[in-house]
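Engineer: Here you go, sequence then predicted model.
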Amino acid sequence: YLQQEFNTSVKVMSIDLTSLQEIDRLYATLQQENIPVDILVNNAGVGNWGAFTAGDPEAQLNEIRLNVVALTYLSKLFTTDMVQRGLGKVLNIASVSGFMPGPYMAVYHASKAYVLAFSEALNVELKGTGVSVTVSCPGPTASEFHQQAGTTGSLFLKLLPMMNSTQVARISLGAMNKRKMVIVPGTFNWLMTQSSRITPRAILLFILKRLMKPVH
């Protein structure tokens, strides 16, 4: 699609981003083929729904490896090169989950809180270098994520409005091109992030637990 739509060459590599060695292989290939990266989009992510104590520990650790470690390492490798060239843009995909704790998705929410805080801090560090970091925090989005995470039957998905992935991508890329630091696609999602900041923590956690508790 990209090759036809934009009349450009496209190189596809299949790698396991939970492996730092695989990320090194990706970076080495780009270096060897002299392909500079001016835009980095960290979109890969995974989540698991259910009680933390009942969850598969390897799956939970893989959430951290993909959502946190891979994103951090890719950002390190490519922003270093971008700063040397004096130009570049990074788009990290977090979530509205990053603004609040998530009972029954504790690791996922914590990982997205990391992405949000990391991206904001890095963007400020890079000011004046020609490199910017934008973090997008979408709400529920129609994609394969919910099937993978097992959240399709959850109460919060039934109650909250869902955007499609094309809408989220356009808004996120638009914000990146304008070098905005944080973007929350969708008015309802933005209101949700703001209300989470002013709602007393105990009340917020009570509501989130009710919305996210698995129904048997």
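Structural biologist: That came in fine, so what should we check first?
Engineer: Pull up the per-residue confidence for the residue sitting nearest the centre point of the chain.
Structural biologist: For the chain, the residue sitting closest to the mean C-alpha position, by C-alpha atoms, centre = their mean, is residue 93 at 2.6 Å. On the pLDDT scale, residue 93 is placed at 98.
Engineer: Name the helix or strand of the protein that has the lowest mean pLDDT.
Structural biologist: Ranking every helix and strand in the chain by mean pLDDT, DSSP states H and E puts helix 145-149 at the bottom, with a mean of 58.
Engineer: what comes up buried for the longest helix along the chain?
Structural biologist: What stands out as the longest helix in the chain, according to DSSP state H, is helix 106-125. Under the neighbour-count criterion of 16 or more other C-beta atoms under 10 Å, helix 106-125 has 106-116, 118-120, 122-123 buried. All C-beta atoms are positioned from the backbone trio N, CA, C, and that covers glycine.
Engineer: got it, and stretch 18-26?
Structural biologist: For stretch 18-26, the buried set under the neighbour-count rule, 16+ other C-beta under 10 Å, comprises 18, 23.
Engineer: Determine how far that stretch lies from the middle of the whole chain.
Structural biologist: Stretch 18-26 sits 19 Å away from the centroid of its parent chain (C-alpha atoms, centre = their mean, to the nearest Å).
Engineer: that older thread, burial measure for the closest residue to the residue nearest to the centre of the chain other than its chain neighbours, as a count.
Structural biologist: Nearest residue to residue 93, sequence neighbours excluded (C-beta to C-beta, 6 or more residues apart in numbering): residue 43, at 4.8 Å. Neighbourhood size, residue 43 [other C-beta atoms under 10 Å]: 11.
Engineer: Pull the residues that contact the longest helix of the chain.
Structural biologist: 42, 45, 47-48, 52, 55, 60, 63-64, 67-68, 71-72, 75, 79, 90, 92-95, 97-102, 132-135, 137, 149, 181-182 (C-beta atoms under 8 Å, 6 or more residues apart in numbering).
Engineer: and what of stretch 76-86?
Structural biologist: The contact list for stretch 76-86, computed with C-beta under 8 Å, 6+ apart, reads 23, 27, 36-38, 40, 88, 90, 122, 126, 129-131, 133.
Engineer: And that stretch, what's buried?
Structural biologist: Buried positions in stretch 76-86, judged by neighbour count with 16+ other C-beta under 10 Å: 77-79, 81-82.
Engineer: and it, what's its mean pLDDT?
Structural biologist: For stretch 76-86, mean pLDDT is 98.
Engineer: Likewise for stretch 112-130?
Structural biologist: 99.
Engineer: just stretch 21-40 next, same as before
Structural biologist: For stretch 21-40, mean pLDDT is 97.
Engineer: What distance do you get for residue 53 to residue 107?
Structural biologist: For residue 53, the distance to residue 107 (C-beta to C-beta, to the nearest Å) stands at 12 Å.
Engineer: just checking, which of the contacts of helix 106-125 belong to strands?
Structural biologist: 42, 90, 92-93, 132-135, 182 (DSSP state E).
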